[in-house]
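**Q** Could you look at this predicted model? Sequence included:
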Amino acid sequence: MATASAGEDGTSRTIYRACPLCEATCGIAVEVAVDVDGSGHAVAVRGDDEDPLGRGYICPKAHGLIGLQEDPDRLRHPVRRVDGQWLEIGWDEAFELVGRRLREIRESSGPGALSAYVGNPTVHDLGATVYMPALLRSLGSKKRFTASSVDQLPKMLSCAALFGGSLSIPIPDIDRTQHLLMLGANPMASNGSLMTAPDMRGRLRALRERGGRLIVVDPRRSETARIADEHLFIRPGTDALFLFSLVHTLFDEQLVALGPLEQYVRGIEEVRELSRDFSPEATAPATGIQADDTRRLAREFGAASKAACYGRVGTCTQAFGTVSSWLIDVVNVLTGNLDRPGGVLFPRAATSPGVAKPGPGSPVAHARWRSSVRGLPESFGELPVAALSEEIDSAGDARIRALVTLAGNPVLSTPNGARLARALESLDFMVSVDLYVNETTRFADVILPPTTPLERPHYDLAFSGLAIRNVAKFSPTVLDPPAGGWDQWKIIAELAGCVNGVGADVVDDLVLGALLSSCVGAPETACPDVSQEQARKALGDKRGPERLLDLMLRAGPYGDRFDGARGGLSLAALQASPHGIDLGPLASRIPEVIATESGAIELAPPLLVADVPRLRAALDCGARAHHELLLIGRRHVRSNNSWMHNIHSLAKGPERCTLLVHPDDATRLGLQDAKTARIRSRVGEVVAPVAVSSEVMPGVVSLPHGYGHDAPGTRMETARLHAGVNANLLSDEEQIDQPSGNSVLSGIPVEVSPV
Ligand SMILES: Nc1nc2c(c(=O)[nH]1)N[C@H]1C(S)=C(S)[C@@H](COP(=O)(O)OP(=O)(O)OC[C@H]3O[C@@H](n4cnc5c(=O)[nH]c(N)nc54)[C@H](O)[C@@H]3O)O[C@H]1N2
Ligand SMILES: Nc1nc2c(c(=O)[nH]1)N[C@H]1C(S)=C(S)[C@@H](COP(=O)(O)OP(=O)(O)OC[C@H]3O[C@@H](n4cnc5c(=O)[nH]c(N)nc54)[C@H](O)[C@@H]3O)O[C@H]1N2
Ligand code: SF4
Ligand SMILES: [Mo]
């Protein structure tokens, strides 16, 4: 437990909220010591035993919230870079400058000269989540990038094709399943992703105690593989081949049994045909998984009373990310496990539109425009970030000249970080909304720092739609923001406004107006009988994200429909239940949730079928390329992508940024434990300490991402002491998953030699 001095007046209060640091969204109890002047400081973070999802669980990172709060390197005022020096400036001056520069560049070079990169912590703040789209719209540029395209974009694309919604992602029913087949995920370190489920250790233990099985497929014997019933090594990047072999076997051995799902599914025969070439014998040389094992795994999956196939970042950030993501759900569908308790289910979030659009929908929002240089396709309004550098340094007159970054560190988190750093340095103007001067924001002209997570209210809009139970929890402000501190929503709204010469209030009104028209007063909305005026009155005039949240909750599937007497959810109802409200286990939602053009689950969507020939070609090269050494990443429970490395309590301890090498490879390459190695790829090289370990499969080396904190010009002194190297100096912006343009960050060909 983190401790600090007691409050000056000797009393303390406890505030319950959700931890905003990762997708688990654990309920935490923050103890605040109260000072004589009534202000307070956070002294301890505990798990909240009454949180319906987390039931008291937290990981070591939760305490880091206090470290973040007190970090002397964290920015507390806007800063401007002048002749290499950071000068504190006022908010008005900052926005005047930013607005003027962005407008000038847009006027001289067109809206395509403006761009934005939105990073991962955006989804962990309600305010950023709801105002960010307004910022992107106001920039008026089609060149927008987010961390999705170094993460889950392939899953979004496959789900949009199969089910009609990029966020219609089936979640493993981990508390009721009897068989969990997990690929490319290590929730024992990551605490779970696209599966909001605190305490994975406890939940996986419970699975095994009730006689269920956990099977992990991973090129590394990860922390999760170690507690599994069975672990199979797989050659990086070959999951789609392995999954197709499972599908092949399901057909081959008459294990296909869709049950009640069958009436809603189209394309089963086409999938059968496609799977013919991918027999377990055909894929084994490439995957490294024996044909007998693949057949046995297919049989066991088919025979389990309730089973869930689940893949995460390792199955997305690879050359066949979209096809792998698709085939994971094909396995679930063919065995009747989609939409069945104990299988994989669609959550029903409290803020999802109250009337889901049932039946036929619109086509997948994909490839409506393309990037200028390589012609990479847009998905859901964003371009793959693998194209960001070239859109700055090689797009001629169409080039990006000004960039907004919001809660992102692409120099450490996207491919070929060295080229991106050079490109950022060449921009005419850059503004970053961030807490630190780090590897990316050091190139900004202006940095606008928001108040901290403990100083703002929160609700997990995204993660409540990805959780293993339906829950709703509001997180109130824990600490009063400091005088002159700006909440993130207000910074984003002001930023959106200043581009067009208006203030944050105008933007707030527009956001509210748009949300009102989609929630109330029209036949296709959830509350056709409630007028916009009525709703507006019920919501009150408090500006900011809480009012928008109230609207979404009240018009949502559990909402009070603006009728207090009716009962149901509202912001007030959540505020009266500080631990959160349990809305029950996940339940079947088909057909209501399906929104494809046809109204059916498209098991063989054209977008994915079109990528199968590329996969077929990989059957041969896969086997031939076994002499290549492939680089994968890994996560550590005390780390968080590229940040939180400046918090001593998390950063201390043994060196984490080491290269894991299998003993056979170490011998062959002349590498020694604890000595250093040079790792080279097509795009760059780094030098890192070696840890010889049979934890990785032969032919695979592993280096975590998010390090490389020794760059000049940053202001993160603790991180600098544990600098490590940037694994994304090795990842190659040319290597992408074809359908989505998602970066390949796993399975990068490298050469390794002793230094
Ligand atoms: N090689 C390799 N690369 C990877 C991955 C991998 O597995 N391997 N994983 C990928 C994945 S899954 C992801 S999601 C991306 C993440 O990529 P990014 O989102 O680009 O990077 P983060 O490391 O999450 O950086 C977060 C940034 O937000 C800032 N920040 C933190 N909290 C706040 C806040 O409340 N407000 C604001 N404004 N800023 C804040 C931090 O200071 C930091 O600058 O990295 C990807 N990159
Ligand atoms: N402590 C901590 N928690 C985090 C984060 C963090 O940085 N630190 N990041 C957060 C974010 S943004 C995300 S997206 C999630 C990610 O959550 P997870 O997906 O669980 O992420 P990882 O722990 O990286 O696990 C990925 C696994 O895929 C394996 N792998 C790599 N390549 C392949 C492959 O080709 N095939 C297969 N089958 N496996 C492969 C790796 O060895 C690794 O064990 O974690 C979140 N939680
Ligand atoms: S697992 Fe840790 S970092 Fe993630 S939400 Fe829970 S306490 Fe926070
Ligand atoms: Mo991520």
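**A** Structure's in. What do you need? Numbering: from 1, shown residues only. Ligands and ions are numbered 1, 2, ... in the order given.

**Q** How many neighbouring residues does the residue lying closest to L466 once chain neighbours are set aside have?
**A** In this structure, L466 finds its nearest non-sequential neighbour in T196, 5.1 Å apart by CB to CB, 6 or more residues apart in numbering. To be clear about C-beta, it is placed using only N, CA and C from the backbone, and glycine gets the same treatment. Neighbours of T196 under the rule other CB atoms under 10 Å: 26.

**Q** Likewise for the one 3 residues further on?
**A** By other CB under 10 Å, the residues close to D199 number 22.

**Q** ok so, going back, pLDDT score for the residue nearest to L466?
**A** Looking at T196, its pLDDT is 98.

**Q** Go ahead and confirm it touches K473.
**A** No. Between T196 and K473 there is no contact under CB atoms under 8 Å: 11.2 Å.

**Q** list residues touching both of those two?
**A** Counting by CB atoms under 8 Å, 6 or more residues apart in numbering, the shared contacts of T196 and K473 are T25, L53, D460, S464.

**Q** For the protein, what lies in contact range of ligand 1?
**A** Proximity of the chain to ligand 1 is confined to 119-121, 125, 147, 150-151, 313, 317, 406-410, 413, 433-436, 438, 450, 488, 633, 641-643, 705-706, 727-728, 731, 745 under the rule CB under 6 Å from any ligand atom.

**Q** and with 5 Å instead?
**A** 119-121, 147, 150-151, 407-410, 413, 433-436, 633, 641-643, 705, 727-728, 745 (CB under 5 Å from any ligand atom).

**Q** May I have the biggest helix by length in the chain as CSV, with CA atoms only?
**A** Ranked by residue count, the top helix of the chain under DSSP state H comes out as helix 91-109. Only the C-alpha atoms of helix 91-109 are listed here, as CSV (Å, rounded to 0.1, in the frame of the first residue of the first chain):
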residue,chain,number,x,y,z
TRP,A,91,-4.1,28.7,-21.1
ASP,A,92,-5.4,31.7,-23.0
GLU,A,93,-2.0,32.4,-24.6
ALA,A,94,-1.6,28.7,-25.4
PHE,A,95,-5.0,28.4,-27.2
GLU,A,96,-4.5,31.7,-29.0
LEU,A,97,-1.2,30.4,-30.4
VAL,A,98,-2.5,26.9,-31.2
GLY,A,99,-5.7,28.2,-32.9
ARG,A,100,-3.8,30.8,-34.9
ARG,A,101,-1.1,28.3,-36.2
LEU,A,102,-3.6,25.6,-37.0
ARG,A,103,-5.8,28.0,-38.9
GLU,A,104,-2.9,29.5,-40.8
ILE,A,105,-1.7,26.1,-41.9
ARG,A,106,-5.2,25.0,-42.9
GLU,A,107,-5.7,28.2,-44.9
SER,A,108,-2.4,28.0,-46.7
SER,A,109,-2.3,24.2,-47.3
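
**Q** List of residues touching it?
**A** With CB under 8 Å, 6+ apart as the test, helix 91-109 has contacts from 78, 80, 89, 113-114, 139-140, 397, 401-402, 404, 428-429, 431, 445-446, 448, 484, 486, 494-495, 498-499, 501.

**Q** OK, contacts around S12?
**A** The contact partners of S12, taken as CB under 8 Å, 6+ apart, are A6, E31, V32, A33, V34, G40, V43.

**Q** 7 Å instead?
**A** E31, V32, A33, V34, V43 (CB atoms under 7 Å, 6 or more residues apart in numbering).

**Q** Mind picking the lowest-pLDDT entry from those residues?
**A** V34 (92).

**Q** Got the phi and psi for that residue?
**A** phi -100, psi 130 (degrees, to the nearest 10).

**Q** burial of L510, as a residue count?
**A** So L510, with other CB under 10 Å, has 17 neighbours.

**Q** Secondary structure element holding it?
**A** Applying DSSP states H and E as the criterion places L510 in helix 504-519.

**Q** all strands of the stretch 351-500 of the chain, in order?
**A** In the stretch 351-500 of the chain, the segments counted as strands under DSSP state E, counting those that start in this stretch are 366-370, 377-379, 402-406, 429-433, 446-448, 458-459, 469-472, 474-475.

**Q** which residues sit against the last one?
**A** Contacts of strand 474-475 from elsewhere in the structure, counted by CB under 7 Å, 6+ apart, are R17, A18, P457, H458, Y459, L571, L574, Q575.

**Q** buried subset of those?
**A** R17, A18, P457, H458, Y459, L571, L574 (16 or more other CB atoms under 10 Å).

**Q** How about the stretch 201-350 of the chain: which residue is closest to ligand 3?
**A** Closest approach between the stretch 201-350 of the chain and ligand 3, counting by CB to the nearest ligand atom: R201, at 10.7 Å.

**Q** Which residue lies closest in space to that residue, excluding its sequence neighbours?
**A** Leaving aside its sequence neighbours, R201 sits nearest to M188 (CB to CB, 6+ apart; 6.4 Å).

**Q** Also D292?
**A** Using CB to CB, 6+ apart and skipping the chain neighbours, the partner closest in space to D292 is P280 (7.7 Å).

**Q** and the residue in the stretch 201-350 of the chain that ligand 1 sits nearest to, what is it in contact with?
**A** As assessed by CB to the nearest ligand atom, ligand 1 sits closest to V313 within the stretch 201-350 of the chain, at 5.2 Å. Each residue near V313 by CB under 7 Å, 6+ apart is listed here: D151, G184, A185, S193.

**Q** what does P360 give?
**A** E597, S598, G599.

**Q** The last one: neighbour count?
**A** So that's G599. Neighbour count of G599, defined by other CB under 10 Å: 16.

**Q** Same check on the first one?
**A** Applying other CB under 10 Å, we find 13 other residues in the vicinity of E597.

**Q** and it, that's in a strand?
**A** No. Per DSSP: H, G, I helix; E, B strand; the rest coil, E597 lies outside any strand segment and is coil.

**Q** Quick check: which ranges of the stretch 601-750 of the chain have low pLDDT?
**A** By pLDDT under 70, the low-scoring segments of the stretch 601-750 of the chain are 622-625.

**Q** For it, which residue gets nearest to ligand 3?
**A** Using CB to the nearest ligand atom, the point where the stretch 601-750 of the chain gets nearest to ligand 3 is N640, with a distance of 7.2 Å.

**Q** how about the residues of the stretch 51-200 of the chain near ligand 2?
**A** When proximity is defined by CB under 5 Å from any ligand atom, the stretch 51-200 of the chain lies next to ligand 2 at D151, L183, G184, A185, N186, A189, S190, S193.

**Q** Hmm, P219 and the fifth one touching each other?
**A** Spelled out, that is N186. No. The criterion here is CB atoms under 7 Å, and N186 misses it with P219 at 11.1 Å.
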